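Quick one: sequence and predicted model below, then my questions.
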Amino acid sequence: HLQLLELQQALENNELFIMLQPKVELVSKKVAGFEALVRWRNSNGDYIPPDVFIPLAEASGLICSLDLHVLRLTFAAVKQLTDAGFELPVSFNASVSDLNNRDYTQEIFQAVKEHRVNPLLLDIEVTESQVMSDYRGFDALLRRFMALGMSVSIDDFGTGYSSLSHITKLPATTLKIDRSFVSGIEESEDDRHAVDMVAKIGQRFGYHIVAEGVETEAQCEWLRQVGCPVGQGYLFARPMTVDDVIAWLRTYP
Ligand code: G
Ligand code: G
Ligand code: MN
Ligand code: NA
């Protein structure tokens, strides 16, 4: 049973770290970037999955310090990759509380202003329902990020309040097609159509498209057929530590 105190101490003791999962161009197989995913290994060596501690962090207000830590690790990862000769963008996940937290948003603006990180290599991932929970406020904020040259990705796209009127004016550069549609590609004609539609309509309105959770060659083939340019998933690579990513890039493909 996970206690809030344990999570608090884990943060203080630096037990939280990030792994990077590649996003891959489906035709050329070139690496398009990475998503930073937070991980926790406690002092006993036990691995605690994020779907256990992220909800706890969100419910307790600890999410802002957790995600601020992730943000700094993301900047460090961008630098480590760049120094190794790989100038590739890295995405990080933000919660509603983060977007409402000045310490969090200022950390991004300050880091860019002080040239601690290249905004062209940063991509903030938010879900559609998060954006819609305070459309006025978040629209302005996300557009400020975009004006810096950052990318803004709508995570889990298709599971929220998607409607045609919204898709035309989302404050975003990128739509990430939710894994639930991708995983249904082989069995469900509806899911194939949903993926096809998001890829076509999304690009029509000027968004980059990324398919999440690509696990099989058949899913990848359908995604290519419908013109989805980029995918992320176990078919290409699992999340890896930053050091492992650099070693992986050196021998890729
Ligand atoms: O890595 P995994 O797919 O198990 O992540 C589980 C969930 O945790 C996903 O919904 C993912 O978006 C979320 N998540 C992963 N890393 C972070 C993070 O650094 N911050 C926040 N807020 N959520 C994260
Ligand atoms: O909510 P978000 O999309 O940020 O969460 C990403 C989560 O999806 C991470 O926890 C990551 O570990 C997981 N993930 C990444 N690729 C795959 C995949 O191919 N299959 C499955 N089932 N999960 C994946
Ligand atoms: Mn994500
Ligand atoms: Na997602």
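Nice, I can see it. Numbers count the residues shown, from 1 in each chain. Ligands and ions are numbered 1, 2, ... in the order given.

List, one by one, the residues from the stretch 51-200 of the chain near ligand 1.
Listed as neighbours of ligand 1 in the stretch 51-200 of the chain under the rule CB under 6 Å from any ligand atom: 51, 54, 63, 67, 70, 93, 95. In this view, the C-beta of every residue, glycine as well, is placed from N, C-alpha and C.

again, 8 Å this time
Within the stretch 51-200 of the chain, the positions lying close to ligand 1 (CB under 8 Å from any ligand atom) are 51, 54, 57-58, 63, 66-67, 70, 92-95, 98, 125, 155-156.

Now restrict those to buried residues only.
Buried by 16 or more other CB atoms under 10 Å: 54, 57-58, 63, 66-67, 70, 92-95, 98, 125, 155-156, out of these.

Which elements pack onto the helix or strand of the chain with the lowest mean pLDDT?
Among the helical and strand segments of the chain, the one scoring lowest on mean pLDDT, DSSP states H and E is helix 164-167, with a mean of 82. Packing contacts for helix 164-167, counted by 3 or more CB pairs under 8 Å, 6 or more residues apart in numbering; DSSP states H and E, involve helix 189-204.

ok, the helix it packs on near ligand 2 or not?
No: using CB under 8 Å from any ligand atom, helix 189-204 stays clear of ligand 2, with a minimum separation of 14.5 Å.

Give me the contact list for that helix.
By CB atoms under 8 Å, 6 or more residues apart in numbering, the residues outside helix 189-204 that reach it are 157-158, 164, 167, 175, 177, 180-185, 209, 211, 222-223, 226-228.
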